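> predicted model and sequence below, questions to follow.
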There are 2 protein chains.
Amino acid sequence: MDNFRFYAPTDIRFGENRLSDELADVLNTYGKKVLLVYGGGSIKKNGLYDTVVEILRANQNTFVELSGVEPNPRVETVRQGIELCRENDVEVILAVGGGSTIDCAKVVAAGFYSEKDAWDLVLERRSYSGEALPIVTILTLAATGSEMNSGAVISNLAVNQKLGVGGTSMIPKVSFLDPKNTFTVPKNQTAAGSADILSHLIENYFKKTEGTDVQDSVAEGLMRTVIKNCPIAMQEPENYDARANLMWSSSLALNGLTGSGKTGAWSCHPMEHELSAFYDITHGVGLAILTPRWMEYVLSEATVDKFVQFARNVWGITESDKKIAAKKGIKALYEFFESCGIPMTLPEVGIGEEKLKVMAKQAVDHSTIKVNAYVPLDCQDVETIYRKSLVKMTF
Amino acid sequence: MDNFRFYAPTDIRFGENRLSDELADVLNTYGKKVLLVYGGGSIKKNGLYDTVVEILRANQNTFVELSGVEPNPRVETVRQGIELCRENDVEVILAVGGGSTIDCAKVVAAGFYSEKDAWDLVLERRSYSGEALPIVTILTLAATGSEMNSGAVISNLAVNQKLGVGGTSMIPKVSFLDPKNTFTVPKNQTAAGSADILSHLIENYFKKTEGTDVQDSVAEGLMRTVIKNCPIAMQEPENYDARANLMWSSSLALNGLTGSGKTGAWSCHPMEHELSAFYDITHGVGLAILTPRWMEYVLSEATVDKFVQFARNVWGITESDKKIAAKKGIKALYEFFESCGIPMTLPEVGIGEEKLKVMAKQAVDHSTIKVNAYVPLDCQDVETIYRKSLVKMTF
């Protein structure tokens, strides 16, 4: 196990019907002037917007709104949010939505204190050490884990870049996780969110560091939890426990619990970020497409044991031949994504072979996968994995 | 899943050789006047005391010492610590030791601000809402999880009481977890600490709330981690990864991760606290003795499914008959403790039948096991479980 720092101080308020009793008190800790951040308006349809606004009014908050945050949040929206905070002396940011909304809020929170342009701040990547406005979140999608960590991903379509940024001050102070707020999430987004959670667990699972039984066994447990509960939530959108297990998995998959103590770069996220940056596709879908191809590509004598562990402990595969067991685990993952209705080839999400080479180059340039991924990948490797994603996998 | 709050803000600095670079900075956040708390002197034998004192001197800290904290920390020691803090205007408490040392530090930290006598503060139990001095810990034993939570257990032998107390302000600010600081922990304490960790996981696992796949699968993973790594650490005391996995498991077993979202009282801890209160035995040993008897006692048609899950997911038992599988799981746990060299009957730790009845009464009086344990237990039930612990189990 490698040395690590684990710091996940977000105060999680999990469960139903907590906002009316707790939200006002939480906000009052930080101030009365609020920036309310949300996305495309689903919270207006399902009533959450009205609930929140009613609480803010009863609590005598003054608030301004940053709405329409994109699924891959744009730097232009971040700039707009920073402007709103400055013009209105905002004291606390309330993000109501999924990971994109929360990510946007995080960079607005930091940008408020920064003299740099928002994109220059993103270019600092994971080392932002300045202040940030306090952030409170109300989560509406089980996916990114942004509600309990320091990271954010921002897109700049002008330069076809989608980059991660983060720092301790950007960790949400309090996050309200009410599974009922995900009852209205449609099937395809439930599946894509679950794929995102699984991908975070898989990225952390396949790292070179050994002797990490805690991290690996926790990751295996969370993977089994997602694999069990995603289909239930898709079939029964108002199944509280299924939504609750997905929601809490999303936070734990990326709050440091399964990644701390293991060194190395993630593999599939850097490759996916280029797909989103160039084609603006759903992040979780891109990950679901790439991950099984990546697994097949890096499976070798050197990596087979970890893949066998994945097959046995996550999928219950009892096959004794190591190579066959490993392949069965990859097949199980692919078929799980298929069974969730996720489009499993690039052409199905509108991506052809035109830009594969340039995306592959950027995936390597914008990350460290060439030097310290589980299996280091150069431009040619990434392009090959993209090409394999053009057609269905066969087993 | 039930509603819950998860709040584990302790900044964990995990890994080897961090103190010289980080301890001074951490302490300086809170002040220069330190109360150094430790136990029976093992840190003087293994050099950790010297390391810490050297850092304190180089950092120009003034410090006073509260040493000799007992394995079941006494209220008299807490009073002494409070006095030292007041006399010396202490600003931060540095606890170097295992759970007992940290527990003692927590109640000293709270007592500093309280006008009540320390025992009256303990009698507030889990609802302490006042201030506390900041606590920094350097952990030397993988066991109680106190390094990352709000609870403490204090003994008052004058009245044969051992009670839990806690509050948010008592959560350690920073905890240094260096597995090397547990290399010198002897076999019997390694085993007892592991039994304590397993017990925390088991207490949280066997609760009535359903639909808790996250909590249960994480608990199963951590149980498997302890079961794998405890024997390795006993055989190879300087096996870094084995010590690391036990250490990190200890924190995660009781930081809310596996218990949040599940309602109800623990069963074995209240029964064990009376053994320790009356006989001052090692807590983990008492838990190891009681737990398999408790399991056998509460196994029924109503509970068999959970015991089957325990047998399958923790011990890999594939037996298809549910009742037999459940019993095999209990047997596996008992034999695991035996294989770790833990004395597995009460007489082996000096407890006869004399006080079983009065201890049973107190176990019920000092807890809520009679109303909301996994299977509610009255005085007669507890006495029966104690009596079963007088002789070896047979399967």
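Perfect, thanks for sending it. Numbers count the residues shown, from 1 in each chain, chains lettered A, B, ... in the order given.
> part of a helix, is A:L275?
Yes: secondary structure assignment places A:L275 in a helix (DSSP: H, G, I helix; E, B strand; the rest coil).
> give me the neighbour count for it.
Burial measure for A:L275: 27 neighbouring residues, criterion other Cβ atoms under 10 Å in any protein chain shown. Yep, even glycine has a C-beta here, placed from its N, CA and C like the rest.
> roughly how far apart are it and A:P347?
Here the distance between A:L275 and A:P347 works out to 12 Å (Cβ to Cβ, to the nearest Å).
> for the spatially most central residue of chain A, which non-adjacent residue is closest in space?
Ranked by distance to the mean C-alpha position of chain A (Cα atoms, centre = their mean), the top residue is A:T144 at 2.3 Å. Leaving aside its sequence neighbours, A:T144 sits nearest to A:G99 (Cβ to Cβ, 6 or more residues apart in numbering or on different chains; 2.7 Å).
> same thing with A:A332?
Taking Cβ to Cβ, 6+ apart, and ignoring the residues beside it in sequence, A:A332 has A:W315 as its nearest neighbour in space, at 4.3 Å.
> list the contacts of the one you found.
Listed by Cβ atoms under 8 Å, 6 or more residues apart in numbering or on different chains, the contact partners of A:W315 are A:227, A:328-329, A:332-333.
> give me the pLDDT value at it.
At A:W315 the predicted local confidence, pLDDT, stands at 97.
> what about it, distance to A:E335?
10 Å.
> gap between the closest residue to A:T182 other than its chain neighbours and B:I202?
Leaving out its chain neighbours, the residue that sits closest to A:T182 by Cβ to Cβ, 6+ apart is A:R243, at 4.9 Å. For A:R243, the distance to B:I202 equals 27 Å [Cβ to Cβ].
> mind checking the longest strand of chain A?
With DSSP state E applied, the strand covering the greatest number of residues in chain A is identified as strand A:4-14.
> which other residues reach that one?
By Cβ under 8 Å, 6+ apart, the list of residues contacting strand A:4-14 reads A:22, A:26, A:147-149, A:168, A:171-178, A:244, A:247-248, A:251, A:255-257, A:260-261, B:1, B:3-9, B:11-15, B:260-261.
> rerun that using 6 Å as the cut-off
Residues lying outside strand A:4-14 but in contact with it, judged by Cβ atoms under 6 Å, 6 or more residues apart in numbering or on different chains, are A:22, A:148, A:171-172, A:174-177, A:255-256, A:260-261, B:4-7, B:9, B:11-14.
> what are the pairing partners of the helix or strand bottoming out on mean pLDDT in chain A, and which direction each?
For chain A, using mean pLDDT, DSSP states H and E, the weakest element among its helices and strands is strand A:161-166, scoring a mean of 90. The strands beside strand A:161-166 in its sheet (DSSP bridges) come out as strand A:151-156 (antiparallel).
> other residues contacting the strand it pairs with?
Residues outside strand A:151-156 that contact it (Cβ under 6 Å, 6+ apart) are A:72-75, A:103, A:106-107, A:119, A:122, A:162, A:164-166.
> contact residues of the stretch 201-350 of chain A facing chain B?
On the criterion Cβ under 6 Å from any Cβ of the partner chain, chain B has as its neighbours in the stretch 201-350 of chain A the residues A:211, A:213-214, A:217-218, A:221, A:224-225, A:241, A:244-245, A:248-249.
> buried sites along the biggest helix by length in chain A?
When chain A is parsed with DSSP state H, its longest helix is helix A:213-235. Going by neighbour count (16 or more other Cβ atoms under 10 Å in any protein chain shown), the buried part of helix A:213-235 is A:213-227, A:229-234.
> could I get that helix in PDB with only the CA atoms?
Output in PDB follows, covering the C-alpha atoms of helix A:213-235 (Å, rounded to 0.1, in the frame of the first residue of the first chain):
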ATOM      1  CA  ASP A 213      -7.000  -5.500   0.200                       C
ATOM      2  CA  VAL A 214      -9.000  -2.700   1.900                       C
ATOM      3  CA  GLN A 215      -9.400  -0.700  -1.200                       C
ATOM      4  CA  ASP A 216      -9.900  -3.600  -3.500                       C
ATOM      5  CA  SER A 217     -12.500  -5.400  -1.400                       C
ATOM      6  CA  VAL A 218     -14.400  -2.200  -0.800                       C
ATOM      7  CA  ALA A 219     -14.400  -1.500  -4.600                       C
ATOM      8  CA  GLU A 220     -15.600  -5.100  -5.300                       C
ATOM      9  CA  GLY A 221     -18.400  -4.600  -2.900                       C
ATOM     10  CA  LEU A 222     -19.500  -1.300  -4.400                       C
ATOM     11  CA  MET A 223     -19.300  -2.800  -7.900                       C
ATOM     12  CA  ARG A 224     -21.500  -5.700  -6.900                       C
ATOM     13  CA  THR A 225     -23.900  -3.100  -5.300                       C
ATOM     14  CA  VAL A 226     -24.100  -1.100  -8.600                       C
ATOM     15  CA  ILE A 227     -24.500  -4.200 -10.700                       C
ATOM     16  CA  LYS A 228     -27.300  -5.400  -8.600                       C
ATOM     17  CA  ASN A 229     -29.200  -2.100  -8.100                       C
ATOM     18  CA  CYS A 230     -28.900  -0.400 -11.500                       C
ATOM     19  CA  PRO A 231     -31.300  -2.900 -13.300                       C
ATOM     20  CA  ILE A 232     -33.700  -2.600 -10.300                       C
ATOM     21  CA  ALA A 233     -33.700   1.200 -10.500                       C
ATOM     22  CA  MET A 234     -34.200   1.000 -14.300                       C
ATOM     23  CA  GLN A 235     -37.200  -1.400 -13.900                       C
END
